[in-house]
Structures are given as C-alpha cells and as structure tokens.
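J.: What follows is a predicted structure for the sequence shown.
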Amino acid sequence: MTETHYLERPDNRDLRQIPGDYGLPLIGNALSLAANPLKFCDDRFHRYGPISRFAMGPSHIILALGPDNARELHLDVNKNFSSAKGLGHFESLIGGSLIMKDFEAHRFQRRLMQTAFKKSSMDGYVEHINTICIDTLRPLLGSGEFELAGHARSTLMEIAAQTFTGVTDQGKAGTKLKTAFEDFIDGFGFIFEVNLPGFKYHRSLQAKKYIAGFIRELIAEKRQNEESDILAHFCRELDENGHYFSDYDIVENFVVLLFAAQDTTTASLVNACLELGRHPQWQQRLRDEARALGKDTIGQDDFEALPSFNLLFNEVQRLHSSVPLFPRRSINACELSGVDIPADTVLMNAITYNHVMPGWWTDPYNFDPDRFDRGEHKQHPFLFHPFGGGAHKCIGMHFAQMVFRIFMYHIITRHEIQLRPGYDPKMQYLPMPKPKDNLPIRLVPVD
C-alpha cells in the first residue's frame with residue numbers, strides 16, 4: 001500500500017471484535033476520559049487488558065496501554081503506524097507541520113528545525129529567557145497570593161514572542177501577537193469542528209491566519225539578516241538540495257512549535273510548584289543547589305550543578321504528564337499485545353498511565369524524584385517517555401527543560417512556595433494537566 005493510498009482511506013470504525021464499549025451517544029467516552037484519563041485507563045486495563053475499544057465523538061479508537069505498546073507505536077520498525085492519520089482530528093490547525101508527517105516526509109520536515117535546537121543556538125536564547133523570567137516574576141515576589149498558571153503562561157508567551165520571533169517592545173503589535181498565540185492554543189480542546197464566531201475552534205483558526213500573516217512578512221528579511229531567534233533559524237535553513245524551505249513549511253511548523261511549547265511547559269511549571277508546595281524539603285534541596293552556584297542568571301553550562309532540578313522535572317512529568325496521550329493509525333493489519341488490529345484503525349497509547357502503571361513503579365502515586373536517581377524508569381525503554389520516542393521524539397525537549405530550569409531557578413533561589421493550608425485542588429487533565437483553580441500560591445522571601 002502506498003502512502004497516497006493510506007492517507008486517502010477513511011478510518012476503520014468496525015472494532016466489534018475488540019473488548020470495550022463506545023460510551024454515550026454522539027460524544028462517546030469523551031467526558032469520562034477528559035474527567036480523569038488515569039482512572040479511565042486504569043479501569044479499562046483491569047476490565048479488558050491492554051487492548052480495548054472506546055469512542056471520542058464520531059471516532060472509534062483502540063486504547064493500547066503499556067510500555068510494550070508504546071514501544072511498538074513509537075519505534076514503528078515496520079512503518080505501519082501513521083502520525084498524520086492518527087492526528088487527523090487536528091489537520092485543519094496543524095496539517096502542514098512536522099508532527100503531521102510520516103516517514104520520508106517527516107524526515108524532510110524535521111531538518112527545518114535542527115539548527116534552531118542545537119546547543120549553540122539555544123545558548124543564544126538564554127539571556128532573553130533569564131531576563132523575561134526575572135522581569136515577569138519580580139512584581140509577584142512577596143506580593144501576596146496569585147494564580148500561577150496565568151502568570152506562567154504569560155511568561156512563556158513573552159518568551160515565545162521574543163525567543164521564537166525576535167518581537168520585542170512592539171506595543172500593540174506584540175500584544176496582539178501574544179493574544180493570537182493564546183487563542184490558537186486554546187482551540188485544541190475541540191471535539192467537533194464548529195467554525196462559528198464565539199467558539200474556540202473558530203478563534204483558533206482566525207488566530208492561525210493572523211500568526212501566519214505575521215510570520216510571512218518576516219521571512220524574507222530574516223533570510224538576509226543574522227538574527228538568532230528560532231524563526232530566523234527556520235528561515236535560513238536549507239533542505240538537502242540546498243534550497244530554502246517554503247514559506248508554507250516555515251509557517252506551519254512555527255505554529256505547531258507554539259502549540260507544543262506553550263501549554264506543555266506551563267503544565268510542567270505549575271505542577272512542579274504544586275508538588276514543591278506540598279514537599280517543602282524539596283524546595284530547600286533545590287534552593288541549596290541554586291545558591292551554591294552564586295549566580296543571578298544561569299545557562300546550559302550550569303545545569304550539571306543542578307541535578308535535583310532534573311529529578312524534579314522528571315518526577316513532575318511522570319505524575320502529571322504534559323502530553324497525556326498520543327495517537328497513531330494503523331496502515332496495514334497488525335498485532336498488538338496478541339490482539340489482531342485492522343488496517344486504518346486509530347490507536348492511542350496513554351503516556352500518563354504508563355508513568356504510573358501497576359507493577360512497574362514503587363508507590364506510583366507518591367512524589368519521589370529520587371526514583372530517577374535509583375533508575376526505576378530504566379526497567380523498560382518506554383516506561384518513561386514524556387517526549388515520545390523514535391523518529392517523532394520531540395525535537396524541542398531540551399529547550400523545554402532549559403526554560404523549566406531557568407524559571408524554577410528564579411522562583412526558588414530566594415523564595416518559598418506556599419500553598420493554602422490543607423490545599424487539595426480538583427485537577428484538570430486535558431488538554432493540559434493542572435489544578436482547575438490555576439494554583440493560587442504565595443512566594444515568600446527567605447533568607
């Protein structure tokens with residue numbers, strides 16, 4: 001079967017031979033999955049085993065749980081699982097991007113981003129990230145209670161505006177761009193494509209048009225200058241034939257990078273502060289490492305001296321996976337966990353469930369960053385995979401970790417994170433995990 005054939009074929013919806021159920025009329029299992037993916041997956045695993053069927057709106061999907069199935073879908077040795085068709089629900093928003101490409105087309109598009117995420121390039125982003133973190137956090141330090149999620153997201157939007165595009169001090173233009181970033185990202189929670197004013201999906205499409213127009217106006221100039229923002233690297237990158245990538249390729253991959261970088265890193269920061277507020281001994285451990293550096297700002301060369309920051313990041317990703325689920329679609333009939341899978345079937349593996357799966361982890365729901373020092377995650381190569389794996393492993397993973405470390409460094413060095421007494425928030429899990437009340441905290445100065 002050729003690539004053209006599988007891309008043109010409709011989804012297989014006949015999964016009657018697979019154990020499971022399709023939930024409620026019209027919406028399927030969408031409400032129970034969104035309410036708590038961990039509970040949903042755990043219930044399915046204990047009722048049906050690693051393979052079961054469910055529905056999200058009109059889509060009939062196979063839930064393929066566990067690290068073995070994650071490995072099969074990520075590594076895809078036989079080139080039988082399509083990311084493009086698995087993510088078909090989002091084609092209207094990110095259809096021309098790297099994440100929606102398979103095999104050779106994916107390899108070709110990935111080249112566009114390589115230079116932007118080399119260590120030497122990322123060193124050029126460090127000054128901006130430090131400055132933005134300091135400037136946006138300064139008014140909050142010691143100022144009383146505030147909701148962290150909104151401020152973290154605003155900080156990351158500012159980082160995106162400057163580090164991604166080089167936009168600085170542009171007043172209304174910069175504000176409009178950041179608003180468009182937010183509207184574009186907010187649209188990814190849709191179930192049905194309702195392209196009418198007032199709906200998030202419509203606002204997301206309109207925001208993408210604005211961002212695309214803004215980026216296109218910058219491309220020609222950035223190809224000729226020596227600026228070091230991420231967009232400039234995209235614009236100067238050459239394909240295997242020595243030609244610039246098309247304006248369309250640059251725009252489509254730039255907007256998906258916004259989607260991938262913003263809410264995922266916001267979730268990491270918010271959930272890290274939630275866990276640190278619950279475990280003040282870890283705050284002190286991080287503070288001791290940070291103060292031992294004796295620096296006002298940090299960069300990549302300092303990270304080796306901050307090992308607990310990495311342990312924290314990993315444990316937060318394990319307990320609160322920023323990307324809870326990842327989809328694929330089978331191209332040909334195959335087998336997973338001893339079960340026959342038809343061709344053209346949408347499959348989903350739950351990263352968030354693999355990270356707490358029974359039988360693999362010690363006290364899986366307990367916050368214990370030192371488990372990564374002990375090597376618990378090394379029992380299986382896909383037991384812990386917050387950034388995916390194989391050809392589709394997140395190309396911006398080191399950038400995300402860099403932003404996380406710098407942001408947390410500036411919070412923790414001279415301040416204690418305090419939660420309300422007895423704080424036990426209700427959690428939102430999709431599209432990103434965080435407390436529903438956006439984590440009200442205080443940052444209290446410490447000697």
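T.: That came in fine, so what should we check first?

J.: Surely residue 236 touches residue 222?
T.: Yes. Between residue 236 and residue 222 there is a contact under CB atoms under 8 Å: 7.2 Å. C-betas here are computed from N, CA, C, even on glycine.

J.: Of the two, which one has the most company?
T.: residue 222 (20 against 17; other CB atoms under 10 Å).

J.: what bridges to residue 81?
T.: Counting by DSSP bridges, residue 81 forms beta bridges with residue 330.

J.: Would you map the strands across this structure?
T.: Along the chain, counting by DSSP state E, strands occupy 51-56, 59-64, 81-82, 146-147, 325-330, 334-336, 339-341, 346-350, 415-418, 427-428, 434-435, 440-445.

J.: show me what contacts the residue minimising distance to the centre of the chain?
T.: Per CA atoms, centre = their mean, the C-alpha nearest to the average position across the chain is that of residue 264, at 3.7 Å. When contacts are counted by CB atoms under 8 Å, 6 or more residues apart in numbering, residue 264 touches 322, 323, 400, 432.

J.: just curious, which of these is nearest to residue 383?
T.: Taking CB to CB as the measure, residue 383 lies nearest residue 323 of these, at 15.6 Å.

J.: Please verify my assumption that residue 325 contacts residue 348.
T.: Yes. Contact status for residue 325 versus residue 348: in contact at 5.4 Å, counting by CB under 8 Å.

J.: Compare neighbour counts for those two and give me the winner.
T.: Between residue 325 and residue 348, counting by other CB under 10 Å, residue 348 is the more crowded of the two (22 against 19).

J.: Hmm, which of the contacts of residue 264 is lowest in pLDDT?
T.: In terms of pLDDT, residue 432 ranks lowest among the contacts of residue 264, with 82.

J.: Can you list the low-confidence ranges for the chain?
T.: 1-4, 167-174 (pLDDT under 70).

J.: Which helix runs longest in it?
T.: When the chain is parsed with DSSP state H, its longest helix is helix 247-278.

J.: what comes up buried for it?
T.: Neighbour-count burial for helix 247-278 flags 249-277 (criterion: 16 or more other CB atoms under 10 Å).

J.: can you check stretch 44-52 too?
T.: Within stretch 44-52, the residues that qualify as buried are 44, 45, 48, 50, 51, 52, counting by 16+ other CB under 10 Å.

J.: ok, how many other residues are close to the spatially closest residue to the last one that is not a sequence neighbour?
T.: It stands for residue 52. In this structure, residue 52 finds its nearest non-sequential neighbour in residue 20, 3.8 Å apart by CB to CB, 6 or more residues apart in numbering. By other CB under 10 Å, the residues close to residue 20 number 20.

J.: Quick one: residues contacting residue 20.
T.: The contact partners of residue 20, taken as CB under 8 Å, 6+ apart, are 44, 48, 52, 53, 54, 63.

J.: With adjacent residues omitted, what lies nearest to the last one?
T.: Yep, that's residue 63 we're talking about. Leaving aside its chain neighbours, residue 63 sits nearest to residue 52 (5.1 Å; criterion: CB to CB, 6+ apart).

J.: returning to that earlier point: from the buried residues of stretch 44-52, which is closest to residue 178?
T.: Nearest to residue 178 out of these is residue 44 (CB to CB; 39.3 Å).

J.: list the contacts for the residue nearest to the closest one when sequence neighbours are not counted?
T.: Using CB to CB, 6+ apart and skipping the chain neighbours, the partner closest in space to residue 44 is residue 52 (4.8 Å). Residues in contact with residue 52 (CB under 8 Å, 6+ apart) are 18, 19, 20, 44, 62, 63.

J.: from memory the fourth one sits against residue 61, does it?
T.: Spelled out, that is residue 44. No. Counting by CB under 8 Å, residue 44 does not reach residue 61; the two are 11.4 Å apart.

J.: Residues that sit against both of those two, list them.
T.: Common contacts of residue 44 and residue 61 (CB under 8 Å, 6+ apart): residue 54.

J.: circling back: separation between the residue nearest to the centre of the chain and residue 305?
T.: Here the criterion is CB to CB, to the nearest Å. By it, residue 264 lies 25 Å from residue 305.

J.: The residue nearest to residue 44 and residue 17, how far apart?
T.: Relative to residue 17, and taking CB to CB, residue 52 is found at 12 Å.

J.: can you count the residues close to residue 112?
T.: By other CB under 10 Å, 25 other residues sit near residue 112.

J.: Just to check, residue 397 is in contact with residue 389?
T.: No. Counting by CB under 8 Å, residue 397 does not reach residue 389; the two are 10.8 Å apart.

J.: excluding its backbone neighbours, what's nearest residue 383?
T.: Sequence neighbours aside, residue 67 is the residue nearest to residue 383 in space, at 4.6 Å (criterion: CB to CB, 6+ apart).

J.: so who does that neighbour touch?
T.: The contact partners of residue 67, taken as CB under 8 Å, 6+ apart, are 354, 357, 360, 380, 381, 382, 383, 385.

J.: ok, now with 7 Å
T.: By CB atoms under 7 Å, 6 or more residues apart in numbering, the contact set of residue 67 is 354, 380, 382, 383.

J.: what do you get for residue 96?
T.: Listed by CB under 7 Å, 6+ apart, the contact set of residue 96 reads 248, 252.

J.: how near is it to residue 215?
T.: In terms of CB to CB, residue 96 sits 13 Å off from residue 215.

J.: now residue 287
T.: Distance of residue 287 to residue 215, given as CB to CB: 40 Å.

J.: between these two, which one's more packed in?
T.: Between residue 287 and residue 215, counted using other CB under 10 Å, the more crowded position is residue 215 (22 against 19).

J.: do you know how far the closest residue to the more buried one other than its chain neighbours is from residue 258?
T.: Leaving out its chain neighbours, the residue that sits closest to residue 215 by CB to CB, 6+ apart is residue 251, at 5.1 Å. To residue 258, residue 251 is 11 Å away according to CB to CB.
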